[in-house]
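Enquirer: Please find the sequence and the predicted model below.
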Amino acid sequence: MSKAISIAKEFISLSYTDSVEVDPISNLRLHKLLYYAQAWSMIIRQQDLFMEDFQAWRHGPVIPELYKTIKSSENPSVIISNDFLKNTPDPLPDEKEFIKAVWDSYKTFSAIGLSKKTHDEDPWKKTRGGRPDSDIGNDIIDGNLIHEYFSKNQVPEPLENYRKLLDESHELAEKQLLAGPKLDVTKLLAAAKNRQLA
């Protein structure tokens, strides 16, 4: 499992290399992409993509530590440069495939569009609890709320395609395992006993 900052690095990279012209990545937009990545990872990969928690800030879900890291070097409304996180470790290869599917699902949304989208969804609304906009808010969005909400929603097509490929790879691995040679428990026990005597 990678840290959120490594996932962020991959989203930034995708924003600069995608052949489709999209809005650049700002701090605001980045956090919403991370939020959707975490949510769909819970549903499709059946695990968190990273350990950091989101808080229900006034403009949507935010990981405070990462927000501060980026804000210290980049204005939150300014485009994040492609080499900003160049010294950050890359995400794992299987995570990169998933992040690309998330990117393809949400890349056409602007920062404001993504912010409004999160405001219409239960996890942010329930956590925010009607606080006024003047209150930044620091309540953590419960992972169970996120999982419950997204488990009832239609999976975006690029993520559905990723899920199908993931299921196929699991089925293939299972078939290969079942087709392999049968283990002889007697030989294994004898080898273990011989090793203890050596």
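Expert: Now that the structure is in, tell me what you want to look at.
Enquirer: any idea where the strands of this structure begin and end?
Expert: Under the criterion DSSP state E, strands of the chain are mapped to 55-57, 60-62.
Enquirer: End to end on stretch 30-49, go ahead and measure it.
Expert: Distance across stretch 30-49, first residue to last, is 15 Å (CA to CA, to the nearest Å).
Enquirer: same question, stretch 66-85
Expert: 11 Å.
Enquirer: Now tell me what touches that stretch from outside.
Expert: With CB atoms under 8 Å, 6 or more residues apart in numbering as the contact definition, stretch 66-85 has outside contacts at 4-5, 8-9, 12-13, 16, 24-28, 30-31, 34, 52. From N, CA and C alone the C-beta is placed, and that goes for glycine too.
Enquirer: Ok, which of the strands of the chain comes nearest Arg45?
Expert: Closest to Arg45 of those, according to CB to CB: strand 60-62, at 18.7 Å.
Enquirer: packing partners for the closest one?
Expert: Judged by 3 or more CB pairs under 8 Å, 6 or more residues apart in numbering; DSSP states H and E, the packing partners of strand 60-62 are helix 27-40, helix 111-119, helix 122-128.
Enquirer: from these, which stretch is densest packed?
Expert: Mean neighbour count, computed with mean count of other CB atoms under 10 Å, is highest for helix 27-40 among these, reaching a mean of 25.
Enquirer: Now do that helix against helix 111-119: the angle between them, please.
Expert: Computed with axes from the mean of the first three to the mean of the last three CA atoms, to 10 degrees, the direction of helix 27-40 lies at 40 degrees from that of helix 111-119.
Enquirer: List the residues that contact the residue most central in space within the chain.
Expert: Nearest to the geometric centre of the chain sits Ala37, at 3.0 Å (CA atoms, centre = their mean). Contact analysis of Ala37 by CB under 8 Å, 6+ apart lists Ile7, Phe11, Leu49, Phe98, Ile99, Val102.
Enquirer: same check, this time on Ile112
Expert: No contacts exist for Ile112 under CB under 8 Å, 6+ apart.
Enquirer: quick one: it from Ser169, how far?
Expert: In this structure, Ile112 and Ser169 are 37 Å apart, going by CB to CB, to the nearest Å.
Enquirer: what's the answer for Leu114, then?
Expert: Distance, Leu114 to Ser169, using CB to CB: 30 Å.
Enquirer: I'd like the C-alpha coordinates of stretch 131-145 written as CSV, please.
Expert: Below are the C-alpha coordinates for stretch 131-145, written out as CSV (Å, rounded to 0.1, in the frame of the first residue of the first chain):
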residue,chain,number,x,y,z
ARG,A,131,-21.7,23.5,9.2
PRO,A,132,-21.5,27.1,7.8
ASP,A,133,-19.0,27.7,5.0
SER,A,134,-17.1,29.9,7.4
ASP,A,135,-16.2,26.8,9.4
ILE,A,136,-13.4,24.9,7.6
GLY,A,137,-14.3,21.7,9.6
ASN,A,138,-12.0,18.9,10.6
ASP,A,139,-14.3,16.0,11.1
ILE,A,140,-13.0,12.7,9.6
ILE,A,141,-15.2,11.1,7.0
ASP,A,142,-15.8,7.6,8.3
GLY,A,143,-14.6,4.9,5.8
ASN,A,144,-17.7,2.9,6.6
LEU,A,145,-19.8,5.9,5.3
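Enquirer: Good, wrapping up.
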